[in-house]
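Colleague: got a predicted model here, sequence first, then my questions.
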Amino acid sequence: MPAMHNEAQSPAATVPVLTIDGPSGSGKGTISRMVAARLGWRYLDSGALYRAVGVAAGWADLDLDDHGALVRCTFDTEVGFRDDGRGEPRVLVNGTDATDELRTETAGAAASAIAAIPEVRAALKDRQRRFRQPPGLVADGRDMGTVIFPDAPFKVFLTASAEERAQRRYKQLNDKGVSVTLDGLLREILARDARDAQRAVAPLRPADDAVHIDTTGMDIDAVVEQVLALVKP
Ligand SMILES: Nc1ncnc2c1ncn2[C@@H]1O[C@H](COP(=O)(O)OP(=O)(O)OP(=O)(O)O)[C@@H](O)[C@H]1O
Ligand SMILES: Nc1ccn([C@H]2C[C@H](O)[C@@H](COP(=O)(O)O)O2)c(=O)n1
């Protein structure tokens, strides 16, 4: 009976997903949040999950080479998102607001190292897929279009030159009163790009069916409009 064939598809699979993957500082988070708000869809910051595990591992004084302990830590770490309507959602790690610690380059580097462990990625898979709820989801990360939501109807791969990404991060951190050097940030960005793109499991790469948008020299609103046009032409 034809109806039986449809039953194989889970209800979640009918919820539309827009995936936005790309390297650090390409604007994934900023653009995803704005597009999700315009569409009235949910938002998944998948990087925050890896960062949260990194931060929790730091709190527990775990060695980044102790993969067994890091995998256990992944299962034990509860991550909550609280949107107070004032920009970036707050991220709670085991009940503690860790948003500011999560956004540091140190947390980014730890997340990138932990994210190369296949069992950590496997442990976070279902947690990410559970965000797919009506009326739709915007999901940002490195493997949203390739691994987590390969059937997403809308996929974007955002890039910008490494120099521009470092400039953006420099301004972002300066505005927060964090003292950094442009050279140091550029080195960190290039190191993170290399690790994320070269790991064996779910490396950073565009899905075959992703639309590439190079945001070098583009302002935020122009990128948002270009992405929205893909979903609502
Ligand atoms: N098109 C753009 N033009 C100028 N600045 C931008 C643009 N897109 C994002 N930015 C700024 O760049 C900074 C980094 O953006 P964002 O945090 O969204 O990047 P990301 O790709 O999510 O980074 P990460 O992967 O490290 O979390 C922010 O300060 C943001 O306002
Ligand atoms: N889907 C994802 C999301 C993130 N990571 C890893 C690699 C990143 O360097 C790190 C931090 O992510 P960010 O907050 O900068 O988006 O987490 C990943 O491997 N896969």
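Modeller: Looks like it came in fine. Ligands and ions are numbered 1, 2, ... in the order given.
Colleague: the bottom helix or strand of the chain by mean pLDDT?
Modeller: helix 2-7 (a mean of 39; mean pLDDT, DSSP states H and E).
Colleague: list the contacts of the closest residue to A107 other than its chain neighbours.
Modeller: Distances taken as C-beta to C-beta, 6 or more residues apart in numbering place R51 nearest to A107, at 4.9 Å, with adjacent residues excluded. Backbone N, C-alpha and C define where each C-beta goes, glycine included. Going by C-beta atoms under 8 Å, 6 or more residues apart in numbering, R51 touches V91, L102, A107, G108, A110, A111.
Colleague: how close does R51 get to R127?
Modeller: Using C-beta to C-beta, to the nearest Å, R51 is found at 14 Å from R127.
Colleague: try W59
Modeller: Taking C-beta to C-beta, one finds W59 at 20 Å from R127.
Colleague: who does the most centrally placed residue in the chain bridge with?
Modeller: In the chain, the residue lying closest to the centroid (C-alpha atoms, centre = their mean) is G141, at 2.8 Å. Bridge pairing for G141 (DSSP bridges) gives the partners D21.
Colleague: looks like it contacts I148 (just checking).
Modeller: Yes: with contact defined as C-beta atoms under 8 Å, G141 reaches I148; the gap is 7.3 Å.
Colleague: any common contacting residues for the two?
Modeller: Residues touching both G141 and I148 (C-beta under 8 Å, 6+ apart) are T19, S46.
Colleague: what's the closest non-adjacent residue to G80?
Modeller: The shortest distance from G80 to any residue other than its chain neighbours is 4.0 Å, reached at L92 (C-beta to C-beta, 6+ apart).
Colleague: I figured the one you found hits T77, correct?
Modeller: No: between L92 and T77 there is no contact under C-beta under 8 Å: 10.7 Å.
Colleague: of those two, who's got more company?
Modeller: A direct count of neighbours by other C-beta atoms under 10 Å for L92 and T77 places T77 higher, at 20 against 16.
Colleague: against G47, how distant is the more buried one?
Modeller: 14 Å.
Colleague: repeat for R127
Modeller: 13 Å.
Colleague: these two: which is more packed in?
Modeller: Shown here are R127 and G47; by other C-beta under 10 Å, G47 has more neighbours (20 against 13).
Colleague: check what pLDDT the more buried one gets.
Modeller: Looking at G47, its pLDDT reads 98.
Colleague: then L137?
Modeller: For L137, the pLDDT comes out at 98.
Colleague: and for it, the neighbour number?
Modeller: Neighbour tally, L137, other C-beta under 10 Å: 26.
Colleague: dump the residue contacts of it.
Modeller: V15, P16, V17, L18, A36, W41, R42, Y43, L44, F131, F149.
Colleague: those in strands, which ones?
Modeller: V17, L18, R42, Y43, L44 (DSSP state E).
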